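Undergrad: What shape does this take:
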Amino acid sequence: WLKDKQDAKFIIPAINPHKSLIPLAVWQSSPLLTNGNEQSHRDINRDGINLTMLGGIMRGMQYNFHVQSSVIL
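TA: Sure thing, here's the model as predicted:
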């Protein structure tokens, strides 16, 4: 398993900021968890699935408006 991961050129840079080409400031500013992204995915799917194309666009627009209006500036 380890040999396979070492041979893949993207694995070590993806988990070690000192081996990555991403600037350290950018690396440190990113969230440690992707939980917010996962929650957003769950929330939008809870609002509706199996919609028509237009229905999905309208539902997404309503969802985005709702999320944007709930952000505290």
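
Undergrad: Over stretch 30-48, what's the mean pLDDT, rounded is fine.
TA: On average, the pLDDT along stretch 30-48 is 70.

Undergrad: what packs against the helix or strand hosting Gly55?
TA: In this assignment (DSSP states H and E), Gly55 forms part of helix 53-70. Using 3 or more CB pairs under 8 Å, 6 or more residues apart in numbering; DSSP states H and E, the elements in contact with helix 53-70 are helix 35-47. C-beta here means a position set from N, CA and C on the backbone, and glycine is covered the same way.

Undergrad: circling back to that earlier point, which positions in the helix holding Gly55 come out as buried?
TA: Tyr63 (16 or more other CB atoms under 10 Å).

Undergrad: Put the alpha carbons of that helix into PDB.
TA: The C-alpha coordinates for helix 53-70 follow below in PDB (Å, rounded to 0.1, in the frame of the first residue of the first chain):
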ATOM      1  CA  MET A  53     -33.800  21.000 -15.600                       C
ATOM      2  CA  LEU A  54     -35.700  24.200 -15.100                       C
ATOM      3  CA  GLY A  55     -37.000  23.100 -11.700                       C
ATOM      4  CA  GLY A  56     -33.500  22.300 -10.600                       C
ATOM      5  CA  ILE A  57     -32.200  25.700 -11.800                       C
ATOM      6  CA  MET A  58     -35.100  27.500 -10.000                       C
ATOM      7  CA  ARG A  59     -34.600  25.500  -6.800                       C
ATOM      8  CA  GLY A  60     -30.800  26.200  -6.900                       C
ATOM      9  CA  MET A  61     -31.500  29.900  -7.400                       C
ATOM     10  CA  GLN A  62     -33.900  29.900  -4.400                       C
ATOM     11  CA  TYR A  63     -31.400  28.000  -2.300                       C
ATOM     12  CA  ASN A  64     -28.500  30.300  -3.200                       C
ATOM     13  CA  PHE A  65     -30.600  33.400  -2.500                       C
ATOM     14  CA  HIS A  66     -31.600  31.900   0.900                       C
ATOM     15  CA  VAL A  67     -28.000  31.000   1.800                       C
ATOM     16  CA  GLN A  68     -26.700  34.400   0.700                       C
ATOM     17  CA  SER A  69     -29.300  36.300   2.600                       C
ATOM     18  CA  SER A  70     -28.600  34.300   5.800                       C
END
